[in-house]
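# 3D, please:
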Amino acid sequence: MIGKVVTSGTFSLDGGTWEVDNNVWLVGSDSEVVVIDAAHDADAIVAGIGGREVRAIVCTHGHNDHINAAADLAARVGAPILLHPADQVLWEMVYGDMPYTPLRDGQVISAGGVELTALHTPGHAPGAVCLHAPEIGAVFTGDTLFKGGPGATGRSFSSFETIIDSIRGRLLTLPEGTAVHTGHGDSTAIGAEAPHLEEWLLRGH
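Modelled structure (predicted):
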């Protein structure tokens, strides 16, 4: 049901550039998948897809390291790119006026019997979304929640207070056993992160 391809490249914003490894998630079945965050390397992602039909390429947010292989991948597999329109300004930094399909809060994307519900979780970016798949007990959090705490909020278009509100209201309300599959690094679980909310609040101020 869940596959992962790790790709490497750079993240650039506010005049800085950093080397990063990204998790690209493939969710679905033996015949069709949703790609979450087409990062850096369309060839590696196509290899991971392995001939399956791609129902959609979903961007958890518009930072370049999460979308920079999306257009190439979309052209090769014939799938739409979905992004929350609040990240338009970030999208334009990479793709200018190239169109994408707007993703809305509560929208359901299905592949191979798995339903992913988009949860708008702004903070790391204005249009950040997480994708909740209750049938398989998982949530794909992009850069909103990691093992060890919230995503970074020290750069343009981000807000610590907003990301904490998103995590508290949209993620920590999910069942404790829900696996948290992140945009970078190791997976975790809601129950492992929820007890540390007060620590994050102290750390962030």
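
# mind checking the end-to-end distance for stretch 36-54?
Using C-alpha to C-alpha, to the nearest Å, one end of stretch 36-54 lies 11 Å from the other.

# OK, contacts around residue 33?
Residue 33 makes contacts with 3, 26, 27, 49, 52, 53, 54, 55, 111, 112, as judged by C-beta atoms under 8 Å, 6 or more residues apart in numbering. The way it works is simple: take the backbone N, C-alpha and C, and place the C-beta from them, glycine included.

# and the third one, that one's in a helix?
No. Residue assignment for residue 27, taken from DSSP: H, G, I helix; E, B strand; the rest coil, gives strand, which places it outside any helix.

# partners of it in the sheet?
For residue 27, the beta-bridge partners are residue 2, residue 34 (DSSP bridges).

# hmm, who's touching the worst-scoring helix or strand of the chain on mean pLDDT?
When the helices and strands of the chain are scored by mean pLDDT, DSSP states H and E, helix 197-204 comes last with a mean of 88. Helix 197-204 has contacts (C-beta under 8 Å, 6+ apart) with 149, 150, 153, 160, 164, 167, 168, 172.

# what do you get if the cut-off is 6 Å, keeping everything else the same?
149, 150, 160 (C-beta atoms under 6 Å, 6 or more residues apart in numbering).

# follow-up on the earlier one: just the buried residues from the contacts of residue 33, in PyMOL please.
Buried residues within the contacts of residue 33, by 16 or more other C-beta atoms under 10 Å, are selected in PyMOL with:
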select buried, resi 26+27+49+52+54+55+111+112
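
# pretty sure residue 111 contacts residue 30?
No. Using C-beta atoms under 6 Å, residue 111 is not in contact with residue 30, being 11.1 Å away.

# quick one: low-confidence parts of this protein?
Within the chain, the stretches falling below the threshold (pLDDT under 70) are 205.

# one more pass at 90, please.
Counting by pLDDT under 90, the chain contains low-confidence ranges at 202-205.

# the residue lying closest to residue 64 once chain neighbours are set aside - how many residues pack around it?
Here the nearest residue to residue 64 in space, its sequence neighbours aside, is residue 94; by C-beta to C-beta, 6 or more residues apart in numbering that works out to 5.0 Å. Residue 94 has 17 neighbours, counted by other C-beta atoms under 10 Å.

# wait, doesn't residue 94 sit right on residue 63?
No. In this structure, residue 94 is not within contact of residue 63 by C-beta under 6 Å, at 8.9 Å.

# okay, helices next: where are they in this structure?
Assigned by DSSP state H, the chain shows helices spanning 42-49, 64-67, 70-77, 88-95, 160-166, 190-193, 197-204.

# among the ones you listed, which comes closest to residue 19?
Across these, residue 19 has its closest neighbour in helix 64-67 (9.9 Å, C-beta to C-beta).

# I'd guessed residue 39 sits against residue 21; true?
No. Contact status for residue 39 versus residue 21: not in contact, 8.9 Å apart, counting by C-beta under 6 Å.

# neighbour count for those two, which is higher?
Of the pair residue 39 and residue 21, residue 39 is the one with more neighbours under other C-beta under 10 Å, namely 32 against 13.
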